[in-house]
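Visitor: sharing a model that was predicted from the sequence below.
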Amino acid sequence: MLKKMLLITLLITSSTVFAANNGAKKNKKMMTNDLISIPFPGGKMFKSGKIKLSDEQKANFATNVRPIMHEKYNPMVQEIFILEKSIQRDITKKSKTLDDKLKSKISKITQLKQKAAEYKIEAVLKIKSILTKEQWQVWVSN
Amino acid sequence: MKKILVSSLLLSSVVFAHTPVMYCFDNGDKTITCEGGFSDGSSGAGTKFSVKQNNKTILEGKLTEASDFTFKKPTGNYTAIFDAGKGHVVEVKSDKIVE
């Protein structure tokens, strides 16, 4: 009886963990955080049809928002990501003390994250100016 | 039809929910491993990956289920490329790839 219960518990636990992992499908190793949390639900709002853009709004996004995110913000996040990975690798493989090289990498990340946050805020404000009041409310509530 | 195509293209240009990222390191055994994905933790599994040298593609493939790709270290300078579509391409030059 006890064996049976244990088996059922194990099966339920393992399947729950699997379901949780499968549902999330997130790889923590690849995550890079912004300096501050900025609401940015992104393209899913349009893909899902929650916000329907007019052709003029779409053109506005392409001209005013996309260049900020794709050409300025994205490369900066990549640079931050490489620096973060490099620090993590230094700590786990090479570093014995918090030396100047490590400190300099941390400083660089701080500077880059500040600039990236500025770009993201700039993009969000552009989005605010493109969307109608109703669309904006949908955007910020997601 | 044309309108639908233009609208679809414009809509695709506003899709920027996550940022592509890639990190490559030298394994010290004459192989290089690159891990690619998205900054929100989304997997890069199945994403196009290539290595270029002197503007010539010397290797092409897709990231594994673990979102990585290991290849023989080329001689000389090269660039590893993670290509998740327009506006979502990341390049890592060999001088940034260390052990």
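Guide: Okay, I see it. Residues are numbered from 1 along each chain as shown, chains lettered A, B, ... in the order given.

Visitor: contacts and neighbour counts: CA atoms only from here.
Guide: Fine.

Visitor: report how many residues lie close to A:A117.
Guide: When neighbours are counted by other Cα atoms under 10 Å in any protein chain shown, A:A117 registers 17.

Visitor: let's verify it: helix, strand, or coil?
Guide: helix (DSSP: H, G, I helix; E, B strand; the rest coil).

Visitor: again with B:V92
Guide: Applying three-state DSSP: B:V92 is strand.

Visitor: list the contacts of it.
Guide: B:22-24, B:79-81 (Cα atoms under 8 Å, 6 or more residues apart in numbering or on different chains).

Visitor: now A:Q135
Guide: A:I51.

Visitor: pLDDT of the helix or strand it falls within, averaged?
Guide: In the assignment (DSSP states H and E), A:Q135 maps to helix A:133-140. Mean per-residue pLDDT for helix A:133-140: 92.

Visitor: ok, now stretch A:71-83?
Guide: 93.

Visitor: what residues of the helix holding A:Q135 count as buried?
Guide: Across helix A:133-140, burial judged by 16 or more other Cα atoms under 10 Å in any protein chain shown covers A:135, A:139.

Visitor: also stretch B:61-81?
Guide: Buried residues in stretch B:61-81 (16+ other Cα under 10 Å): B:62-63, B:67-70, B:73-74, B:78-81.

Visitor: would a markdown table of the contacts of B:V92 with pLDDT be doable?
Guide: Output for those, formatted as a markdown table (pLDDT from 0 to 100):
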| residue | pLDDT |
| --- | --- |
| B:M22 | 96 |
| B:Y23 | 94 |
| B:C24 | 95 |
| B:T79 | 98 |
| B:A80 | 98 |
| B:I81 | 97 |
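
Visitor: and those residues, which of them are in strands?
Guide: B:22-24, B:79-81 (DSSP state E).

Visitor: nearest to A:A59, of these?
Guide: Nearest to A:A59 among the ones in strands among the contacts of B:V92 is B:I81, at 28.8 Å by Cα to Cα.

Visitor: so what's that closest one bridging to?
Guide: B:I81 forms beta bridges with B:S50, B:E91, as assigned by DSSP bridges.

Visitor: so it makes contact with B:H88?
Guide: No - the pair B:I81 / B:H88 is not scored as a contact, 10.5 Å apart, by Cα atoms under 8 Å.
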